[in-house]
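> What follows is a predicted structure for the sequence shown.
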Amino acid sequence: MEINRNINRKIFRGYDIRGVYPSDIDESVAYTIGLAFGSNIQDLGLKTCLIGHDNRLSSPSLYEALTKGLKETGVEIVSLGLCTTPMYYYASIKLGIKSGIMITASHNPKDENGFKFSLETLNTRGNSRGQEIQDFYDYMVAENFILGEGTVKEYDIKDEYFELFKESLFFGDRHIKAVIDCGNGTTSIIAEELYNLFPIDIVPLFTESDGRFPNHHPDPCVEENLEQLKKKVIETNADIGVGFDGDGDRVGVISNTGKFIPMDHYLILMIKDMFDRVEPKKFLYDVKCSKAVQDVIDELGGEGECYRTGNSYTRARVYELGLPVGAELSGHVYFNDHFLGFDSGLYAGLRIIELLSRSNKTVDELVSDIPKYYSTDEIKLHADDNIKFEIIKQIEEYVKEKGYKYLTIDGIKVLFDDGFALLRASNTGPNLTLRFEAKTEERLEEISKEFEGLTNKLLNK
């Protein structure tokens with residue numbers, strides 16, 4: 001196999017590499033990445049590399065090509081084969097392997113694929129981040145590859161992974177009926193077997209592994225993707241529905257009456273449940289989350305940590321500060337109380353079922369006293385990669401001129417007493433991402449009109 005010298009830099013994004021197969025990413029790209037990664041980790045003083053892949057149709061052949069490239073640099077490869085991304089994270093921790101690649105495009109469409117890297121020499125339990133990804137691209141195109149004859153050792157992490165779950169969950173007396181929607185993604189390979197280890201009445205939905213994702217797009221935090229899950233919950237009179245994304249690191253939740261539960265509301269339930277049992281009483285949420293999260297933390301007497309979006313960043317931050325839990329609106333949840341701080345959709349689903357098993361309330365009843373805000377879904381506006389950050393700078397200038405309070409943790413978050421406007425440059429695509437929230441629908445419309453209108457005006461200059 002030959003080195004690919006025409007790899008598009010644009011597929012090297014803020015958290016990982018993602019692109020369309022086979023136009024952006026093919027076997028020659030995977031092989032070249034293998035050569036570069038195997039050489040790079042040896043330059044960093046590392047010799048062993050962990051690899052795994054999801055169930056997308058293109059993943060096995062990309063995995064073979066990646067393995068070939070890695071092996072030709074002389075590294076020792078520990079191969080997990082087909083696995084979820086959280087299984088890969090756990091294997092990294094369990095085996096003490098600090099470098100590796102997971103082949104996956106997470107929740108992206110079926111014709112895409114990608115590579116999640118762990119390049120850090122310190123174990124922050126996160127993937128590589130923005131600048132590291134760009135530095136790796138520069139390293140790759142320099143072609144200073146080390147040549148050698150590596151080894152491949154296959155490792156099955158499943159039984160140890162299941163033991164982690166059994167040691168980390170404590171169910172109550174109430175028997176819960178739960179619909180689990182794998183969306184035919186990679187969680188399909190273990191979800192039913194794992195959930196049947198616990199006192200739960202399981203109703204399976206799309207639990208056959210199929211990388212074409214024939215039933216719905218595998219992103220459980222977009223409500224329209226969970227319509228079948230809603231119907232199945234109501235049809236079977238279930239207590240809850242939980243859905244998972246393509247590689248298994250995110251969760252979505254449906255209540256007993258078929259209502260979509262946003263992930264910031266899920267986080268509030270977890271914080272309230274664990275508050276008296278954990279230290280420190282500090283909890284992380286990303287900038288997209290509702291002000292309701294901070295309201296509840298304040299009411300309980302705790303401390304909130306509003307942080308930038310991106311699981312590479314948020315997971316590392318939870319670990320760095322030793323926080324009991326953190327979450328992102330996009331469905332990543334990091335339990336660090338009696339779990340290991342990495343994001344597993346299957347574990348997050350079990351945690352809310354566990355909570356219900358110790359309560360006499362329904363999901364609807366549990367969320368009924370969460371402070372009420374009105375918010376938009378995420379609004380994505382197309383903006384080429386070469387202009388999107390400049391647009392954010394111009395919005396910051398506007399906000400300064402207006403004298404508004406704002407944060408620059410991740411894009412611009414404009415803070416009002418009764419709501420917020422969030423405007424970010426996407427790290428995973430050529431988009432600007434907007435989200436607005438307010439105490440009333442009228443005020444939400446005002447904020448939306450001001451800032452969506454401003455953004456469109458700047459884009460159309």
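Yep, that arrived. Just so you know, these numbers come straight off a predicted model, no measurement behind them.

> Who are the contact partners of Asn237?
By CB atoms under 8 Å, 6 or more residues apart in numbering, Asn237 lies in contact with Lys177. For the C-beta atoms, the positions are set from N, CA and C on the backbone; glycine is no exception.

> which stretch of helix or strand covers the nearest residue to Asp219 once chain neighbours are set aside?
Using CB to CB, 6 or more residues apart in numbering and skipping the chain neighbours, the partner closest in space to Asp219 is His107 (3.9 Å). Under DSSP states H and E, no helix or strand contains His107.

> correct me, but Gly301 touches Lys282?
No: contact criterion CB atoms under 8 Å: Gly301 and Lys282 do not qualify, at 11.2 Å.

> out of those two, which sits in the more crowded spot?
Neighbour count, other CB atoms under 10 Å: between Gly301 and Lys282, Lys282 has more, with 17 against 8.

> How about the backbone phi and psi for the closest residue to the more buried one other than its chain neighbours?
Spatial nearest neighbour of Lys282, excluding adjacent residues (CB to CB, 6+ apart): Glu303 at 4.2 Å. Per-residue torsions, Glu303: phi -130, psi 140 (degrees, to the nearest 10).

> Average pLDDT for the longest helix anywhere in the chain, rounded please.
If you go by DSSP state H, the chain has its longest helix at helix 441-459. Helix 441-459 comes out with an average pLDDT of 98.

> Distance-wise, check Asn215 relative to Gly183.
7 Å (CB to CB, to the nearest Å).

> And for Glu208?
Applying CB to CB to Glu208 and Gly183 gives a distance of 10 Å.

> Test my guess that Cys38 contacts Thr151.
For the record, residue 38 is Gly, not Cys. No: using CB under 8 Å as the test, Gly38 is too far from Thr151 to be in contact (11.8 Å).

> Could you name every residue contacting both of the two?
Residues touching both Gly38 and Thr151 (CB under 8 Å, 6+ apart): Lys71.

> more neighbours, those two?
The residue with more neighbours, out of Gly38 and Thr151, is Gly38; 29 against 11, by other CB under 10 Å.

> Report the contact partners of that one.
Gly38 sits in contact with 49, 69-75, 145-146, 150, where contact means CB under 8 Å, 6+ apart.

> Go again with 10 Å.
The contact partners of Gly38, taken as CB atoms under 10 Å, 6 or more residues apart in numbering, are 46-47, 49, 66, 69-77, 99, 101, 145-148, 150.

> Looking at the residues you listed, which are in helices?
66, 69-71.

> got the end-to-end distance for stretch 328-345?
End-to-end distance of stretch 328-345 (CA to CA, to the nearest Å): 12 Å.

> same check, this time on stretch 194-214
By CA to CA, the extent of stretch 194-214 from end to end equals 23 Å.

> name the element Ala348 belongs to?
Here Ala348 sits within helix 345-357, counting by DSSP H and E.

> so for that helix, what's the average pLDDT?
98.

> helix or strand right after that helix?
Heading C-terminal from helix 345-357 (DSSP H and E), you reach helix 363-367.

> State the distance from the residue most central in space within the chain to Phe342.
Nearest to the mean C-alpha position of the chain, counting by CA atoms, centre = their mean, stands His332 at 4.4 Å. Here His332 is placed at a distance of 9 Å from Phe342 (CB to CB).

> again with Glu365
Per CB to CB, Glu365 is found 31 Å from Phe342.

> who has more neighbours, these two?
Phe342 (25 against 12).

> If the closest residue to Thr440 other than its chain neighbours is in a bridge, with which residues?
Counting by CB to CB, 6+ apart, the nearest residue to Thr440 once its immediate chain neighbours are dropped is Tyr374, at 6.6 Å. Using DSSP bridges, the beta-bridge partners of Tyr374 come out as Ala438.
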